[in-house]
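In: Compute the structure for the input listed below.
(2 chains)
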2 protein chains.
Amino acid sequence: MTRSTLFFVAALVGSSTALWPQPQSVTTGSKAVKISSSFDITLEGITNAPQDLLDAIESTKNAISNDKLERLVVGRGAVDADAFGQGAELNELVVSLENVSGDVRSISEEAVDAIENRAEGYTLSVPDDGSAATLTANSTLGLYRGLTTFQQLWYFWDDTVYSVEAPVQITDSPKYPYRGLMLDTARNYFPVEDIKRTLDAMSMVKINTFHWHVVDSQSFPLQIPGFLELSEKGAYTPSSVYTQEDVKDIIAYAAARGIDVLAEIDTPGHTSIIHNVFPEHIACHEKTPWATYANEPPAGQLRLASPETVNFTANLIDAAASLFQSKLFSTGGDEVNQKCYQEDPETQEQLGASGKTLEGALGDFVGATHEVLHAQGKSAVVWQEMVLDHTEVKLRNDSVILVWISSDDVKAVAQKGFRLVHAASDYFYLDCGHGGWVGDFPTGNSWCDPFKTWQKVRPYRSDTDFIFNVFTSAMLRHTPSTQPPTSLNPKLSLFLGGQQLLWTEQAGPQNLDDTVWPRAASSAEVFWSGPGGNISTALPRLHDIAFRMNKRGIDAIPLQPLYCALRPGVCDLTA
Amino acid sequence: MTRSTLFFVAALVGSSTALWPQPQSVTTGSKAVKISSSFDITLEGITNAPQDLLDAIESTKNAISNDKLERLVVGRGAVDADAFGQGAELNELVVSLENVSGDVRSISEEAVDAIENRAEGYTLSVPDDGSAATLTANSTLGLYRGLTTFQQLWYFWDDTVYSVEAPVQITDSPKYPYRGLMLDTARNYFPVEDIKRTLDAMSMVKINTFHWHVVDSQSFPLQIPGFLELSEKGAYTPSSVYTQEDVKDIIAYAAARGIDVLAEIDTPGHTSIIHNVFPEHIACHEKTPWATYANEPPAGQLRLASPETVNFTANLIDAAASLFQSKLFSTGGDEVNQKCYQEDPETQEQLGASGKTLEGALGDFVGATHEVLHAQGKSAVVWQEMVLDHTEVKLRNDSVILVWISSDDVKAVAQKGFRLVHAASDYFYLDCGHGGWVGDFPTGNSWCDPFKTWQKVRPYRSDTDFIFNVFTSAMLRHTPSTQPPTSLNPKLSLFLGGQQLLWTEQAGPQNLDDTVWPRAASSAEVFWSGPGGNISTALPRLHDIAFRMNKRGIDAIPLQPLYCALRPGVCDLTA
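Out: The predicted model follows:
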């Protein structure tokens, strides 16, 4: 794709509405329509509607009444009063499914289906004459996305819920099927209600994957059947545990909001905490200096050359993966420290006994854990080192690779013929830029400085690196040198999408919302609408979704003084 | 002062207690003492105790029962259970005043007295045998500081409130008399409860000045008698106003916590919003490109050469200053834009008529506003440009200068013979490092990059620049070339102390706590305890105060994974 094509893409997404993410196609008018006191959302031709669709309709009606968001203009709704005073009243939104035969699947079923099987598109129309608005889609998941968009059309003033941009005609579908947010709940713990609030915010901007980095070397808050001692002895406190009921609750809450939960048990590194219960399976446990044996304290890795440890890990992954409905599960695989194994007598002995090299043992270790995932019908998700650094690791064709070190690695991973998710630290790490967190390091910076601004995570025209990486890889197809991933739509790009990530060395419930929002919305738009667009026209829309998040109890931060938010363009650099 | 002297200072402040800020002198033992169920705080020899002292005693007892902070060690309070099981029970803290004759002044009276008249020292003793603890001071303000320290001695486990470091003997007093925090409530508005919560946190770390940058070009939320239209037409919303009752409430709430409220009406710049009501007094109102006429949008400055505008401004300052009890009031004076005046026909005409230069007119303008402050018995506080850049400005000797541009300017300001506050952006700006906030500026950074870490604001041994600036200026005395400031204790250093500042282009109630805390505690210790100390031993104490803030509803952020917070030193760079 050429730069000029990109400009064309950018030109397409201009709009006066404050929708976020920007729909693929939207036309608006300048007439006022107000929500009637008898407004209702009705289903047409949908018998036995799934409960989560009925719930989504109910919460949509509630959001329209309760958001009470005033339009971000000088004078707020007062400037619209004359217009909506004479506006037509909207009495009904008619929701229907097209091309759906047989039983209607629930939003929750569709949200956790294989990524290539999901349909998230929808068509939404709001006439300017008070006749019924219509929402159609080929799936209940698509209807959910459309209801989310519908909620963003309305503003509040003087007891009136209105729009001044009727008629509205939207045809929408995501550019990329994977749009994620990762949260690390191991460095610091986050109560279930914080995760649910984050899922609410994610659903507002159509993020469809919650990558849950649930455990790590510092703590083990996940309760796993058959391995209960790990959370009993590995959680920070007895109450800092995600019980099996909590996990079910989070999965159901996410699925009803169109979000799949991709859980991760990072292996073989980042596992020091397992030593609390199974010391025999951990090498270089809390060995010092930690910086020699791990990227973060404490050191400690699974003894990947031990048959017993391989068996233990496979059983652990099997039990953990069984808790989740998703067709994806991550075994991690980042930052494997060689010195830890080189200096571990047990590992050296086990390598000698098996005649394997360390890399060979790693390959067998990964193969064993992925075999149990395959047996569960799940695809393995791994960090980029598994394909770029470890030659003996033979991944299944349906594996998904998380690019995290640099956007420069996107192309290399795509060229290996694997599906990938763009989660690179130089764009998408939300924790960067707040100084070093290790102790006794007065001048320490975060390794991924600087802070990633909302502008940075939303590619703009001058950002040739990002565009190159996204589009070269997005256009790659399986070459003869690699087998097409089994059960994959050959038309599907290897570039599944991307996500932002919050590693929580310096984060907790105290700064969760304001660290993530609205920045994560910025990348969510990239992966729904596609790159391009315009920073200057995006800002007012980003203000709008941030203020709407505030109305729903999410502490998205202000990106500018309110003076600027009320005056689009006036605070631009060149204004 | 030599480096070796600094090492000596550093050596002195080592301690096993988790007190923040570090007292000047503290010795602790290793015996356990627990708070008795009949524990009380009693006054000895204080008749007609002021109500705010009685309130402070009540809130101290509440904090001791309600904090329920578990000690930050592996195993938490369980490791102390045997010790406190056998510990002596503390039944009483006896509070008394020394060297106080006649009526006892309230904490609130002492907190707002002239800075050179305040006494904040205290002596606190907690025996290990259950005999009464004692707190003595020369002032109720000193008693308040001592009660604050007393609250930090206690941990909770198994329904027991205890210490394992008895006996405790503390003799304490601040190194510098001014320890501030500035909040900008004009770029974005903060409800009164957010300010009160901030005052609570400030009092926990003995910050004694709330510098309230209440209005600016973007909004005018302060209700001022005689100028009510300014907040009616200049506030962001009708409810985004600090009424006179709100101001009284905030002043009283602060004073009862040992905090003086230094209010600022920035002039002649940063006043564009006044145009909403008094267009005749504002030059280059919202003139574009804004970057030519102001450092931030919107442009607009008071017509300093207009006799009517000088009179208006003096009356405005007079009315605003009358709302506050403090002996300090700021007229701002930063970032005066010359081009704005050069291109303003009215200003040029007024300069011509008076025969004044622009600098001369600025001098008379500042003189007039400071005259009304002097008449109210207040000292003027101004930003550094008023002494370093504007030669015709003749400040009164009792003026206080805020150094903000760079710590390199501290010495220059001190050499002018004026009292100063270290508020330099390279150490104390809490807003830096989050990217540019102006629009259409994809690669924009904050001008004061990078983010100021807690380590940065707390000078450490290698930070010779800071130490040089602090100590050279701290040791300066009035030289024959300058008159000693009127009514100043000649023994008092020109270096009053310092403060952290939160400018709120990218901040609101959503991220107030986590942007400020615990970083502002870090500088608070510098200005109470003095520079020096040790980053490695400071971190566990800083964790402790941050977790205690969390217990009191302040969203101080975690600085490390809890794993590290429970294991002092284990996550140090070289561990």
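In: contacts and neighbour counts: CA atoms only from here.
Out: Will do.
In: got a list of what the residue in the stretch 251-400 of chain A that chain B sits nearest to touches?
Out: At 5.4 Å from chain B, residue A:289 is the closest residue in the stretch 251-400 of chain A, using CA to the nearest CA. Going by CA atoms under 8 Å, 6 or more residues apart in numbering or on different chains, residue A:289 touches B:574, B:575.
In: what do you get for residue A:372?
Out: Residue A:372 sits next to A:314, A:317, A:318 when contact means CA under 8 Å, 6+ apart.
In: Also residue A:359?
Out: With contact set as CA under 8 Å, 6+ apart, residue A:359 has these partners: A:390, A:391, A:392, A:393.
In: wait, isn't the last one in contact with residue A:369?
Out: No. In terms of CA atoms under 8 Å, residue A:393 does not count as a neighbour of residue A:369; the distance is 11.8 Å.
In: Quick check: which element contains residue A:56?
Out: Taking DSSP states H and E as the definition, residue A:56 sits inside helix A:51-66.
In: who's in contact with that helix?
Out: Under CA under 8 Å, 6+ apart, the answer for helix A:51-66 is A:40-41, A:106-108, A:140, A:144, A:147-148, A:151, A:154, A:161, A:256-257.
In: What's the PyMOL line that selects buried ones from those?
Out: Filtering the contacts of helix A:51-66 down to the buried ones (16 or more other CA atoms under 10 Å in any protein chain shown) takes a single PyMOL command:
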select buried, chain A and resi 40+41+106+107+108+140+144+147+148+151+154+161+256+257
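In: quick one: which of the contacts of helix A:51-66 is nearest chain B?
Out: residue A:161 (19.4 Å).
In: I'd like the distance from the strand or helix carrying residue A:317 to the chain centre, please.
Out: Assigned by DSSP H and E, residue A:317 falls within helix A:307-321. Relative to the chain's own centre, helix A:307-321 is displaced by 27 Å; criterion: CA atoms, centre = their mean, to the nearest Å.
In: In terms of secondary structure, what does it contact?
Out: helix A:358-375 (3 or more CA pairs under 8 Å, 6 or more residues apart in numbering or on different chains; DSSP states H and E).
In: which parts of the helix it packs on are buried?
Out: A:358-374.
In: could you give me the average pLDDT of that helix?
Out: Across helix A:358-375, the average pLDDT comes to 98.
In: How about the contacts made by the closest residue to residue A:187 other than its chain neighbours?
Out: Distances taken as CA to CA, 6 or more residues apart in numbering or on different chains place residue B:561 nearest to residue A:187, at 4.7 Å, with adjacent residues excluded. Going by CA under 8 Å, 6+ apart, residue B:561 touches A:187, A:188, A:218, A:504, A:505, A:506.
In: So the fourth one lies in a helix, does it not?
Out: No. Inclusion of residue A:504 in a helix is not indicated when DSSP: H, G, I helix; E, B strand; the rest coil is applied; the result is coil.
In: measure stretch A:564-575 end to end?
Out: End-to-end distance of stretch A:564-575 (CA to CA, to the nearest Å): 11 Å.
In: What is the burial count for the residue of the stretch 101-250 of chain A found nearest chain B?
Out: Nearest residue of the stretch 101-250 of chain A to chain B: residue A:187, at 4.7 Å (CA to the nearest CA). Residues near residue A:187, counting by other CA atoms under 10 Å in any protein chain shown, number 26.
In: Residue A:220 versus that one, what's the distance?
Out: Counting by CA to CA, the gap from residue A:187 to residue A:220 is 9 Å.
In: for residue A:318, same thing?
Out: Applying CA to CA, the value for residue A:318 to residue A:220 is 17 Å.
In: more neighbours, these two?
Out: Between residue A:318 and residue A:220, counted using other CA under 10 Å, the more crowded position is residue A:220 (30 against 20).
In: Quick one: residues contacting the more buried one.
Out: Applying CA under 8 Å, 6+ apart, we find residue A:220 in contact with A:186, A:214, A:230, A:231, A:234, A:235, A:236, A:241, A:273, A:274.
In: Tell me which residues touch whichever residue of the stretch 401-550 of chain A sits closest to chain B, please.
Out: Shortest the stretch 401-550 of chain A-to-chain B distance, computed as CA to the nearest CA: residue-wise this is residue A:439, at 3.8 Å. Residues in contact with residue A:439 (CA under 8 Å, 6+ apart) are B:535, B:536, B:539, B:569, B:571, B:572, B:573.
In: Just the buried ones from these?
Out: B:535, B:536, B:539, B:569, B:571, B:572, B:573.
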